[in-house]
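Visitor: Predicted model follows, preceded by the sequence.
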Amino acid sequence: MNLTDRLLALAVYFLALITLQLTSPATSDTFRTLASGTSILVLYGMPLYLLAQFLESRVSE
């Protein structure tokens, strides 16, 4: 399993966390803040990582 697969699996996990926050009324504020902040950072950073990997593979050809 390479790094891209791990990042995509992590994105699915964080999307599940966001769904849990939106659907569960019993979610604490601390959990909501930590999970949503981490989720947004990873989900916004992943396209940049994937673009960098794509450009690196194109340059090395």
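Guide: Happy to help now that I have it.
Visitor: Next, count neighbours for Ala35.
Guide: Residue neighbour count, defined by other CB atoms under 10 Å, stands at 17 for Ala35. (C-beta placed from N, C-alpha, C; glycine too.)
Visitor: show me the residues around Thr4 that make contact.
Guide: Residues counted as contacts of Thr4 (CB atoms under 8 Å, 6 or more residues apart in numbering) are Leu50, Gln53.
Visitor: CA atoms of the helix or strand containing it as PDB?
Guide: Thr4 is part of helix 3-23, with elements assigned from DSSP states H and E. Taking only C-alpha atoms (Å, rounded to 0.1, in the frame of the first residue of the first chain), the coordinates of helix 3-23 have been written out as PDB:
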ATOM      1  CA  LEU A   3       1.300   6.700   0.400                       C
ATOM      2  CA  THR A   4      -1.500   7.700  -2.000                       C
ATOM      3  CA  ASP A   5      -3.700   4.800  -1.000                       C
ATOM      4  CA  ARG A   6      -3.100   5.600   2.700                       C
ATOM      5  CA  LEU A   7      -4.000   9.300   2.100                       C
ATOM      6  CA  LEU A   8      -7.200   8.300   0.300                       C
ATOM      7  CA  ALA A   9      -8.100   5.900   3.100                       C
ATOM      8  CA  LEU A  10      -7.500   8.800   5.600                       C
ATOM      9  CA  ALA A  11      -9.800  11.000   3.500                       C
ATOM     10  CA  VAL A  12     -12.600   8.500   3.700                       C
ATOM     11  CA  TYR A  13     -12.000   8.300   7.500                       C
ATOM     12  CA  PHE A  14     -12.200  12.000   7.900                       C
ATOM     13  CA  LEU A  15     -15.300  12.300   5.800                       C
ATOM     14  CA  ALA A  16     -16.900   9.700   8.100                       C
ATOM     15  CA  LEU A  17     -15.900  11.900  11.100                       C
ATOM     16  CA  ILE A  18     -17.600  14.900   9.500                       C
ATOM     17  CA  THR A  19     -20.700  12.900   8.800                       C
ATOM     18  CA  LEU A  20     -20.700  11.700  12.500                       C
ATOM     19  CA  GLN A  21     -20.500  15.300  13.600                       C
ATOM     20  CA  LEU A  22     -23.300  16.500  11.400                       C
ATOM     21  CA  THR A  23     -25.700  13.600  12.300                       C
END
